[in-house]
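In: Just the structure for this:
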Amino acid sequence: MSYRIKVPPRTLPVDEAHLVSGLEHWLYGLREYRRPLLVGLLLIVLAGGIVGGVLWYDAQTAGKAEDLQREATLHYLTRPSDDPKKADANLKEAIALYKKVVEEYPRTPAAPLALFNLGNSLLQANEVDAAIDAYKRFIAMYGHNTSLLGLVHQKLAYAYQLKGDRDQAAKAFSTILDIPGSLNRDHALFELARLEESQSRPEGALAHYQELMKTYPNSPFAGEAAIRIKALEVKKSPDPAPAEPAPPSAPQPDKK
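Out: Numbering: from 1, shown residues only. This is a model prediction of the structure:
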């Protein structure tokens, strides 16, 4: 008599069964949403391409603006002192190139410096009103650029001084004192003091010179400020009263 060994039917462990079931559901969902997934993937690829294209374009325009800025500065700095005609031509070429950077590439990193240099070049060419407009444009467009903002206000003040507008010049110098991180506050105080002196206001001049000495004792303008303080204090001190004339001596009797 033969015996048959019964082999129990193979069953999946509970965890494996759940895994297979979950995988089947996932594959079914993938088939169900295949089209939306493909569309989403395509959109992601397109967005990446657009971003990459924008970054590439920005890099190209930034490079062109930097090249123009460098060329303009070369013209500005290589004006020969012994050839006025060539110097004037170089200055005009620099102005044209700086304008091109500002007008065609205003959002590039080179644009703020180009606009500042444009104002300086116009001031050098004695186009004072145009220089003032350039400096004001910088303040309006790139006022967040604190590394240059103080210098822009200083140049703006000098431009107003050339026009004889002392009030606007003083306002521009005073603005420098309120710019966080400005590196030319000592210079602004010195120029404010000089403006006060030029308008015969010694008290205001003394106040600015003294603030300069107190706040920036190591400034290159501190020595001149100390000299001016002494000069102003001498002017303030009252003149000594004139000595009373000595009484006439009594006439001496003639000796015979």
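
In: Ramachandran coordinates for Asp165?
Out: phi -100, psi 90 (degrees, to the nearest 10).

In: Now for Ser81, how many residues are close by?
Out: 7 (other C-beta atoms under 10 Å). No exception for glycine: its C-beta is placed from N, CA and C like everyone else's.

In: That one and Glu127: what is the separation?
Out: 20 Å (C-beta to C-beta, to the nearest Å).

In: Could you do Asp133 as well?
Out: 9 Å.

In: now the helices: where do they sit in this protein?
Out: For the chain, the helices defined by DSSP state H cover 14-32, 34-77, 84-104, 111-124, 128-142, 146-163, 166-176, 185-198, 202-215, 222-236.

In: rank the ones you listed by mean pLDDT and give me the bottom one.
Out: Within the helices of the chain, confidence is poorest for helix 14-32, with a mean of 59 (mean pLDDT).

In: which residues does Ala72 contact?
Out: Residues in contact with Ala72 (C-beta atoms under 8 Å, 6 or more residues apart in numbering) are 93-94, 96-98, 101, 114, 117.

In: Could you pull out the buried residues of stretch 206-220?
Out: For stretch 206-220, burial by neighbour count (16 or more other C-beta atoms under 10 Å) applies to 206, 208-213, 216, 219.

In: now swap in stretch 65-72 and tell me
Out: Buried, per 16+ other C-beta under 10 Å, within stretch 65-72: 65-66, 68-69, 71-72.

In: do you know how far Ala59 is from Thr108?
Out: 10 Å.

In: the more surrounded of those two?
Out: Taking other C-beta under 10 Å, Ala59 and Thr108 do not tie; Thr108 has more neighbours (21 against 11).

In: need the contact list for the residue lying closest to the more buried one once chain neighbours are set aside.
Out: Closest residue to Thr108 apart from its sequence neighbours, by C-beta to C-beta, 6 or more residues apart in numbering: Ala65 at 4.0 Å. Going by C-beta under 8 Å, 6+ apart, Ala65 touches 101, 104-105, 108-111, 114.

In: again, but for Ala207
Out: Neighbours of Ala207 in contact, by C-beta under 8 Å, 6+ apart: Ala193.

In: and if we set it to 10 Å?
Out: 189, 192-193, 196, 201 (C-beta atoms under 10 Å, 6 or more residues apart in numbering).

In: How about the residue nearest in space to the middle of the chain: what's its closest non-neighbour residue?
Out: By C-alpha atoms, centre = their mean, the chain has its centre lying nearest to Leu148, at 2.4 Å. Nearest residue to Leu148, sequence neighbours excluded (C-beta to C-beta, 6+ apart): Phe116, at 5.5 Å.

In: Quick one: neighbours of Leu113, just the number.
Out: With other C-beta under 10 Å as criterion, Leu113 counts 20.

In: Tell me how far the closest residue to it other than its chain neighbours lies from Val101.
Out: Using C-beta to C-beta, 6+ apart and skipping residues adjacent in sequence, the residue nearest Leu113 is Gln69, 6.5 Å away. Distance, Gln69 to Val101, using C-beta to C-beta: 5 Å.

In: Mutual contacts of the two, please.
Out: 108, 110-111, 113-114, 117.

In: need the residues you listed in TSV with distance to Arg185, can you?
Out: Shown next, in TSV, are the shared contacts of Gln69 and Val101 (distance: C-beta to C-beta, whole Å):
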residue	distance to Arg185
Thr108	29
Ala110	27
Ala111	26
Leu113	21
Ala114	25
Asn117	23
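
In: Ala140: which of those is nearest?
Out: Ala111 (13.0 Å; C-beta to C-beta).

In: my guess is the closest one contacts Glu104, does it?
Out: Yes: if you go by C-beta atoms under 10 Å, Ala111 and Glu104 touch, sitting 9.4 Å apart.
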